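Enquirer: Based on what follows, work out the 3D shape:
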Amino acid sequence: MVSAMIQDAEDRTFHSGRPWNEISSEDGSFTLEVDFYTQTSWSFNRSPGLDTEKGFQVDTARFTFEGTVVDPSWSYLTRVLFGPSGDSSVQFAIIEKNLGSGFSMQLGLIAPPFTLEEAINDNETLGVSLSFTAGQWDPQSVPGITWAWTSDDLRGWFTYADAWGGGQNTWIGNQRQTIVGRGEWKPFGDWNSLYHFNPYPDSTVPGMLVGLGASHGWGTAAIGTSQEYSGNDTRISADLSLQRPGLGGMATISWQSDVPGSPLEGGGERLAIVSQVGWFLNPKFELYGRGEWGRPLGVDVDDLASFTFGASWMPRSNRQVKFSVEYMRMWGDSRFWALDGDSGIRLIDDPQSIVRAQLQVSF
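Expert: Below is the predicted model:
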């Protein structure tokens, strides 16, 4: 197999017609496609009474390896992720089986589908980053199993996994389990296009997507350690996405019950709303805006609210290269939210003015 793949790579040098980043065994039973993606940003943050902070950051760098094995009904996905701190981690390690009739199954280190924002690829993000609420309702990578079903207008996922949030990735010291479900209804449009927050002019058809996610966890995690926690938790999120060529919008509302853990660490009860819109002036230039609001319930802290306005330039009229510049104004207490790596945001209880610029490259 190795010899055949090496020969295949040599043949591609002479214009075999296969994508440059894909190799295959001679009989096609094994394929491998490699993708690289990185985001580098510069951020400026000013808040009354505090020193101005500014500088560069590598927000994300990742390598993705995916393909098929045995036959086309068996596929795999592995992704290595490098975060701003420089630490690396395996984000996904998934084996998937297409069961036919619209059914499939995934097993391994998975990211359970729950909200629209956390389900899309990073390079589909509107502007520099996701909303600040996305990190609060992100299941992250957890070991488990997912069953999925798709029809023309409906599809859904059901996941049975270890503790929400990726903090418990082994059975040792763990008695906590989580079920996560997401369902989607598409009155009209194309499934793949509806997962683009950036619908290019003349590249897609009008579409509408309604989604609902719910999860429930129980039991005890990290038994015998200082991070041990237990108790029931419930999370619900609903989203609506509308698009037409060159124009796309999305709105979500999310709630969580009295989740175990300190509110400063993402626990407690809370509610949040997000609304955003992106509009292409031409195939290379997009304007966008986002409004966000979140309230920790039962905690005497200020609500967190923000408004973002920005523009993206894509010189190739695709997302391989994207340059974004945006201004964000934030009010309230940001210390009580899992911001999911949002660059330039301080964890403080004061208004903030943030300017961010980012270069995104994917191939």
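Enquirer: Find the nearest non-adjacent residue to Pro84, please.
Expert: In space, and not counting its chain neighbours, Pro84 is closest to Gln57: 5.3 Å by CB to CB, 6 or more residues apart in numbering. All C-beta atoms are positioned from the backbone trio N, CA, C, and that covers glycine.
Enquirer: Wait, a strand at that neighbour?
Expert: Yes. Counting by DSSP: H, G, I helix; E, B strand; the rest coil, Gln57 falls inside a strand.
Enquirer: Let me see the contact set for Arg176.
Expert: 162-163, 168, 217-221, 230 (CB atoms under 8 Å, 6 or more residues apart in numbering).
Enquirer: picking up where we left off before, can you get me a residue count around the residue nearest to Pro84?
Expert: By the criterion of other CB atoms under 10 Å, Gln57 has 18 neighbours.
Enquirer: Settle this for me: it is touching Phe44, isn't it.
Expert: No. Using CB atoms under 8 Å, Gln57 makes no contact with Phe44, being 11.8 Å away.
Enquirer: Among the contacts of Arg176, find the lowest-pLDDT one for me.
Expert: Taking these together, the minimum pLDDT is found at Gln168 (62).
Enquirer: re the thing from before, tell me what the residue nearest to Pro84 is bridged to.
Expert: In this structure, Gln57 bridges to Ser41 when assessed by DSSP bridges.
Enquirer: Which ones among the contacts of Arg176 lie within strands?
Expert: 217-218, 220-221, 230 (DSSP state E).
Enquirer: Can you turn the buried part of those residues into a PyMOL selection?
Expert: Buried members of the ones in strands among the contacts of Arg176, defined by 16 or more other CB atoms under 10 Å, are picked up in PyMOL with:
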select buried, resi 217+220+221
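Enquirer: Now for Phe36: which residues touch it?
Expert: With CB under 8 Å, 6+ apart, Phe36 has these contacts: 61-64, 362-363.
Enquirer: Okay, strands next: where are they in the stretch 251-363 of the chain?
Expert: 268-282, 285-297, 304-313, 321-331, 352-362 (DSSP state E, counting those that start in this stretch).
Enquirer: closest to Met105 out of the ones you listed?
Expert: Ranking the strands of the stretch 251-363 of the chain by their distance to Met105 (criterion: CB to CB) puts strand 352-362 first, at 28.2 Å.
Enquirer: shouldn't Pro315 be in contact with Lys284?
Expert: Yes. The criterion here is CB under 8 Å, and Pro315 meets it with Lys284 at 6.2 Å.
Enquirer: the more surrounded of these two?
Expert: It is Lys284, of Pro315 and Lys284, that has more neighbours when counted by other CB under 10 Å, with 15 against 11.
Enquirer: returning to what we had before: turn the contacts of Arg176 into TSV, columns for distance to Arg356.
Expert: Shown next, in TSV, are these (distance: CB to CB, whole Å):
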residue	distance to Arg356
Asp162	34
Ala163	32
Gln168	33
Gly217	34
Trp218	39
Gly219	40
Thr220	40
Ala221	35
Ser230	39
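Enquirer: give me the element Glu118 is part of.
Expert: Glu118 belongs to helix 116-119 when assigned by DSSP states H and E.
Enquirer: gap between that helix and the chain center?
Expert: Mean-position distance between helix 116-119 and its chain equals 5 Å (CA atoms, centre = their mean, to the nearest Å).
Enquirer: Pull out the buried residues from the helix or strand following it.
Expert: Going down the chain from helix 116-119, the next helix or strand is strand 142-150, by DSSP H and E. Buried residues in strand 142-150, defined by neighbour count with 16+ other CB under 10 Å: 142-144, 146, 148.
Enquirer: so what's the spatially most central residue of the chain up against?
Expert: Nearest residue to the geometric centre of the chain (CA atoms, centre = their mean): Glu118, 3.1 Å. Residues near Glu118 by CB under 8 Å, 6+ apart: 111, 130, 134, 137-139.
Enquirer: isn't Val361 right up against Asn318?
Expert: No. When contacts are counted by CB under 8 Å, Val361 is not listed as touching Asn318 (11.8 Å).
Enquirer: now Ser88: how far from Ala161?
Expert: From Ser88 over to Ala161 the distance is 22 Å, taken as CB to CB, to the nearest Å.
Enquirer: Neighbour count: those two, which is higher?
Expert: Using other CB under 10 Å as the criterion, Ser88 and Ala161 rank with Ala161 on top: 26 against 13.
Enquirer: didn't that one look like it was pressed against Val180?
Expert: Yes. Between Ala161 and Val180 there is a contact under CB under 8 Å: 6.8 Å.
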